[in-house]
Structures are given as C-alpha cells and as structure tokens.
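>>> My questions concern the predicted model and sequence given below.
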Amino acid sequence: MSDYLFAVLDAGGAVPPVLSVAGSLAERGHDVRVLADPVVRAEVEAVGARHVPWTHGPHRHVRSKESDIAKDWQARTPLGAMATTRDGFMVGPAAEFARDTLDELARQPADAVVSEMLPFGAMIAGQAAGVPVAVLFTTVLPLPVPGRPPFGPGFMPARGLPGRLRDAGVGRLSGAMWNKALPRLNATRAAHGLEPLGHVFDQIGGTDRMLVLTSEAFDFPAAELPPHVRYVGPRLADPAWAEEWTPPPGDEPLVLVGMSSTYQKHTGLLDRVAEALGRLPVRGLITTGPAVAPEEVSAPANVTVVRSAPHAQVLEHAAAVVTHAGHGTVIKSLAQGVPVVALPIGRDQPDVAARLVASGAGLRLRPGSPARRIAAAVERVLDEPSFRAAAARLADAIASEVAQDRAAAELEALVEESATAAPMATSATTAAT
C-alpha cells in the first residue's frame with residue numbers, strides 16, 4: 001500500500017470532492033493524510049484519512065464571512081477578484097504552504113503529493129522533495145487549451161475570426177495579470193532548488209498528473225490536451241456537514257436553491273430567488289451553507305430555508321435547481337437529470353454556467369437579475385421538456401464516467417510508475433559508472 005499526502009484549502013467547493021478522492025484511497029487500504037484548514041478536521045477524519053493542519057499557510061478555524069481569507073467578493077472587477085485569488089491563495093502564500101508541506105514530508109515521507117489547484121506551495125514542496133505530484137481540478141479545466149475560450153469571463157466557444165480575436169486578446173490580458181506574480185513564484189521555487197518558470201500556470205502544468213474531476217461530456221471539446229491531463233469524472237458525495245432532510249408536504253414541483261458554501265456577498269441574491277419562487281406554484285428549498293445564517297434570508301410561505309441538506313437526496317425529488325453555478329451543485333444536478341438556472345457570481349462560476357448553457361440543460365442569468373426574471377427562468381426550465389432531456393443525456397454520460405473510480409486508479413498508477421522508474425534510473429546510473 002502507498003502513502004499519499006493531500007493538500008486542500010477551505011476556500012469554496014473544493015473540499016468535498018478532494019476528500020472524496022482521499023477517502024476512496026483510504027478505503028483501498030492506502031495511508032492517506034490531508035493537509036487542510038483546522039476547520040476541516042472532522043470532514044477529513046470522516047472519510048478515514050488523517051488530518052494535518054496548515055500552520056504557516058493561511059487557514060481557517062471556523063467558517064464565517066469574517067474568517068474568509070481572500071475576500072474576493074470585495075473586488076470591484078473580475079480581474080481584481082482573480083488577482084485576489086492569485087495573491088491570497090496561489091502565489092502569495094506559496095512559501096508558507098511549501099514549508100508546511102515539507103515539514104510534513106520530513107516527519108513522514110509520502111509516495112505522492114496530491115494537491116488541489118490553489119496551494120502552489122504544496123506542489124513546489126513535492127517537486128523539491130522529488131515526490132510525484134498530482135493536481136486535482138474540482139471544476140472544469142481552467143488552463144489554456146487550444147480550441148477553448150480563456151477561463152474566467154464565461155465565454156462560449158469562439159465563432160469565426162471575431163471570436164478568435166476575442167479569445168486571443170482576453171487570453172493575453174489574463175496571462176499578463178497572472179504573470180505579475182511570476183517573479184515571486186520563481187523566487188519561491190529558487191529557494192527550494194527548482195528552475196524558474198515562464199508562466200505562473202506552468203507550476204500546475206509541470207506536475208506529473210492533472211486530474212479533472214468533472215464530466216468530459218460537460219466540458220467544452222478541446223482540439224488537444226496535454227498527455228498528463230485526464231478527465232476522471234465528477235465526485236458526487238455531499239459534504240460531511242450536510243444535515244438530515246425530509247421532503248416538504250405537497251405535490252407542487254420541488255425547486256432546490258444551492259448557493260456558495262463560502263461567503264460571496266450573495267444574501268441579496270438569495271432574497272431575490274426566494275421572492276421569485278414565491279411567485280410560482282412550487283415548493284422551494286433554500287440551503288444557505290455555512291457562511292449565511294438561514295434567518296438572514298426573507299422567504300415566502302412556500303419556501304423553506306435551512307443551513308444545509310443532502311443535495312444528492314434532495315435532487316431525487318427536485319424538478320429544477322437554482323444556483324450560483326458552483327461546479328459541485330451544477331454537476332450533481334445534472335447527474336440526477338435535473339435542469340438548472342444559473343446566476344454566476346464569480347470565480348469559476350461564469351465558465352461552469354457557459355458549459356451548462358452549451359449543453360442545453362439550463363439557463364444563465366446575471367446575478368443582479370430581478371425576482372420576476374428569475375421566476376420566468378425557473379418556470380421555463382420546468383415547462384420546456386428540452387432542458388430536462390438535455391440534463392438526462394448528461395446524467396447518462398456521468399453515470400458511465402463514475403461507474404469506476406478513475407481518480408483513485410490514476411493516483412495508484414502514478415505511484416506505481418514512479419516506483420518502476422526509480423529502479424530503472426538507479427540501474428542506468430550504475431551501468432554508466
């Protein structure tokens with residue numbers, strides 16, 4: 001059996017899918033540790049892994065608006081929000097996350113480091129220690145790929161020369177924004193004996209495996225992918241903090257509302273969604289998540305507001321979903337064949353919403369849309385069969401993709417390949433001597 005050291009930040013929806021992979025490896029008999037915020041300890045232990053707290057890198061002890069580290073919701077522009085993520089999670093604290101990871105590797109070596117895409121320092125530490133490194137993307141693939149629009153604005157695939165010029169221009173602007181942090185990233189790498197990079201995202205691209213935890217049928221088609229990028233299917237497990245739920249009485253269609261598990265200044269949006277559902281003959285269920293208290297949301301009589309519920313169970317009864325377009329909520333809805341109304345706020349959400357619209361399984365609205373427009377969109381996905389039919393097609397594709405645990409299998413193969421390559425390298429060195 002192998003020893004895996006995972007790294008994850010409590011910065012959004014990455015924790016449940018990453019811990020799902022960690023738990024699967026633990027069930028297979030591997031020794032699994034997870035570097036994570038102290039607030040995540042119970043969730044780590046619930047999947048059978050051992051929790052190791054971040055100590056030098058930024059971390060949270062509680063989930064609240066006040067404890068949010070990056071506070072990207074304070075940014076005034078999308079580029080500003082991206083810069084906040086870059087400096088607050090990815091490059092800014094890379095030296096601190098690298099120190100935590102190397103300290104743990106010194107305490108107990110690992111056969112592989114498995115990091116979600118935010119803590120660059122964990123990847124640097126693994127590379128410095130000579131350990132295979134895998135990156136888990138808990139959303140659609142965000143790296144530049146030929147034939148796909150640049151990640152961030154939520155563009156649909158380019159059409160003709162104007163679209164290609166749009167993608168090229170935005171791609172250059174985005175690349176320049178990320179590369180403002182390149183000197184700092186290369187300084188951290190140099191401090192650990194690693195070569196400099198030409199682009200910030202080369203830190204991710206230079207790892208041994210990039211595993212995309214979504215449906216390849218959901219993501220946009222790609223003209224070409226790097227050989228170490230693998231689509232391994234989504235993780236559909238609910239977070240450990242989801243509470244029990246009983247369907248409300250009545251025969252009206254059930255509409256689930258699931259917004260961010262972290263604060264994104266979205267309380268007003270929840271109010272408008274509640275008002276929208278109050279205009280329709282439906283049963284509404286709003287799950288606020290840990291960052292917003294249920295009593296902060298004003299809801300009509302036909303809408304129930306709770307902090308959490310097991311979405312996988314609720315979706316068995318749901319006729320539609322309204323969400324901020326977080327990947328977890330969208331992909332779980334589609335896995336159950338439920339159409340979606342998306343109101344993306346930021347982060348990866350515009351790009352997830354674009355793929356939703358392209359699939360035909362839902363609609364996208366601006367997050368500032370009034371209640372009447374939200375109500376009209378919900379009514380449309382409930383009444384028009386094409387949305388549910390498209391969602392059903394994706395549900396079939398997702399069911400096929402998750403029939404086997406390809407993420408766990410890829411991580412096992414990574415360790416096996418590394419173990420095979422090491423004796424070969426030693427043999428070649430001996431022969432040369």
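Now that the structure is in, tell me what you want to look at.
>>> which residues in the stretch 301-433 of the chain form helices?
With DSSP state H, counting those that start in this stretch as the criterion, the stretch 301-433 of the chain has helices at 311-314, 327-335, 349-359, 371-383, 385-401, 406-432.
>>> An error on my part: the question was meant for the stretch 51-200 of the chain.
Per DSSP H, counting those that start in this stretch, the stretch 51-200 of the chain carries helices over the ranges 78-85, 94-107, 120-128, 160-179, 182-191.
>>> Just say which of these is most tucked in.
Stretch with highest mean neighbour count among those: helix 120-128 (a mean of 26; mean count of other C-beta atoms under 10 Å). C-beta here means a position set from N, CA and C on the backbone, and glycine is covered the same way.
>>> by how many degrees do that one and helix 94-107 diverge?
50 degrees (axes from the mean of the first three to the mean of the last three C-alpha atoms, to 10 degrees).
>>> Give me the contact list for helix 120-128.
Identification of contacts with helix 120-128 by C-beta atoms under 8 Å, 6 or more residues apart in numbering yields 5, 7, 35, 57, 90-91, 93-102, 105, 112-113, 115, 132-133, 135, 185, 188-189, 192-194, 203-204, 206-207.
>>> and the chain, what are its domains?
What automatic domain parsing lists as the domains of the chain is 3-235+404-432, 254-400.
>>> host element of residue 286?
Assigned by DSSP states H and E, residue 286 belongs to strand 283-287.
>>> now residue 33
Using DSSP H and E, residue 33 maps to strand 31-36.
>>> Could you measure from residue 368 over to residue 77?
Distance, residue 368 to residue 77, by C-beta to C-beta, to the nearest Å: 15 Å.
>>> Can you report phi and psi for the spatially most central residue of the chain?
Against the mean C-alpha coordinate of the chain, by C-alpha atoms, centre = their mean, the closest residue is residue 138 at 3.2 Å. When read as degrees, to the nearest 10, the backbone of residue 138 gives phi -100, psi 30.
>>> Now do the same contact list for it.
13-14, 17-18, 116-117, 213, 235, 327-328 are the contacts of residue 138 under C-beta under 8 Å, 6+ apart.
>>> again, only this time at 10 Å
Applying C-beta atoms under 10 Å, 6 or more residues apart in numbering, we find residue 138 in contact with 8, 12-18, 20-21, 116-118, 211-214, 234-235, 326-328, 331, 348.
>>> same question, residue 209
Residue 209 sits next to 112, 114, 132-136, 228-230, 232, 407, 410-411, 413-414, 417 when contact means C-beta under 10 Å, 6+ apart.
>>> Could you rerun that using 8 Å?
By C-beta under 8 Å, 6+ apart, the contact set of residue 209 is 132-135, 228, 230, 410-411, 414.
>>> and residue 261, which of the helices of the stretch 301-433 of the chain is closest to it?
Nearest to residue 261, of all the helices of the stretch 301-433 of the chain, is helix 327-335, at 8.3 Å by C-beta to C-beta.
>>> Now do that closest one: which elements does it pack against?
Counting by 3 or more C-beta pairs under 8 Å, 6 or more residues apart in numbering; DSSP states H and E, the packing neighbours recorded for helix 327-335 are helix 311-314, strand 318-323, strand 340-342, helix 349-359, helix 385-401.
>>> Need the winner for burial among those.
Comparing these by mean neighbour count (mean count of other C-beta under 10 Å), strand 340-342 comes out on top with a mean of 29.
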